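Q: here are the coordinates; sequence isn't available:
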């Protein structure tokens, strides 16, 4: 291990503590932090300094993308890659990723929480950097685990939806032998996801960050998940509230229709209320029911 990598590991360990991962010790969960890349991430550029964590537990200023691996005392042999949302401007770890990881490890699943680069933070590869990290993360998890699924929330659902439907897309040049491993997922759960960036659904932060306000229709389509669903895509599990003010509720309908057209298994749960960003369920709304359906789906 070189000095740079050693210092990175020390910094990442401190990050785990500052990110509120104390539940791991209380629940006999082992926590490990893995840098995604052997050295600098592809393309160059990016922010400097440490990860910035907001008062609400959201991350930004991500110079070193990572996987936080949470391994339960008795793993059940399956792993889930988790990506929180935040419109590609931040990553809502405390609201979405850490509660999901806690829920998964309590049921024996090994959770891999992804801290991915944000495109607007000065990276030379621009919109592609988050997808580069998601594909690299899938390769790492696939190398370590036999059964791999993904769980994405909001913009994290868009990111993992793109990764799950485009394993043949080379978003970066090969950096080491690991990159010869296909970045495939066995299953994909997308929770109040951004699916389409096409008209008339161009109001989101995801659209603004990835393609811009005046993007041609071809660019909107190139970043729309439903365009890449094919007969080889994994089964999908979709969740959304019908009063979602950020991800138009048509997003899950569009994704379900794309799956049905391609004969890809899909299970969809839509709720009358709950809004956006309800994580593992918003108390007092019907969205609290989705984790039970998700658990049943994972076990099939």
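A: Happy to help now that I have it. Since we're looking at a predicted model, the values are computed, not measured.

Q: ok, now which ones touch residue 163?
A: 131, 134-135, 138, 150, 183, 185 (CB atoms under 8 Å, 6 or more residues apart in numbering). Quick note: C-beta positions are derived from backbone N, CA and C, even for glycine.

Q: If we use 7 Å, what do you get?
A: 131, 134-135, 138, 183 (CB atoms under 7 Å, 6 or more residues apart in numbering).

Q: can you pick the most crowded of the residues you listed?
A: With neighbours taken as other CB atoms under 10 Å, the top of the contacts of residue 163 is residue 134, carrying 29 neighbours.

Q: Tell me the confidence at that residue?
A: At residue 134, the model reports a pLDDT of 98.

Q: Any chance of TSV for the contacts of residue 163, columns distance to residue 297?
A: Listed next are those as TSV, based on distance: CB to CB, whole Å:
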residue	distance to residue 297
131	25
134	21
135	24
138	19
183	22
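
Q: I'd like these laid out as CSV, including secondary structure and distance to residue 36.
A: Formatted as CSV, the contacts of residue 163 follow (DSSP: H, G, I helix; E, B strand; the rest coil; distance: CB to CB, whole Å):
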residue, secondary structure, distance to residue 36
131, helix, 12
134, helix, 10
135, helix, 10
138, helix, 11
183, coil, 12
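
Q: Identify the residue nearest the geometric centre of the protein.
A: Geometric centre of the chain, nearest residue: residue 83, 2.4 Å, by CA atoms, centre = their mean.

Q: The nearest residue to that residue once chain neighbours are set aside: what's it in contact with?
A: In this structure, residue 83 finds its nearest non-sequential neighbour in residue 156, 3.4 Å apart by CB to CB, 6 or more residues apart in numbering. Contacts here follow CB under 7 Å, 6+ apart; on that basis residue 156 touches 83-85.

Q: Find the helix or strand that residue 156 is a member of.
A: In this structure, residue 156 sits in helix 155-165 according to DSSP states H and E.

Q: show me the contacts for residue 298.
A: Contacts of residue 298 by CB under 7 Å, 6+ apart are residue 149.

Q: Could you check how far residue 149 is from residue 261?
A: Distance from residue 149 to residue 261, counting by CB to CB, to the nearest Å: 22 Å.

Q: higher neighbour count, those two?
A: residue 149 (25 against 11).

Q: Assign the more buried one to one of the three secondary structure states.
A: Three-state assignment for residue 149 (DSSP: H, G, I helix; E, B strand; the rest coil): strand.
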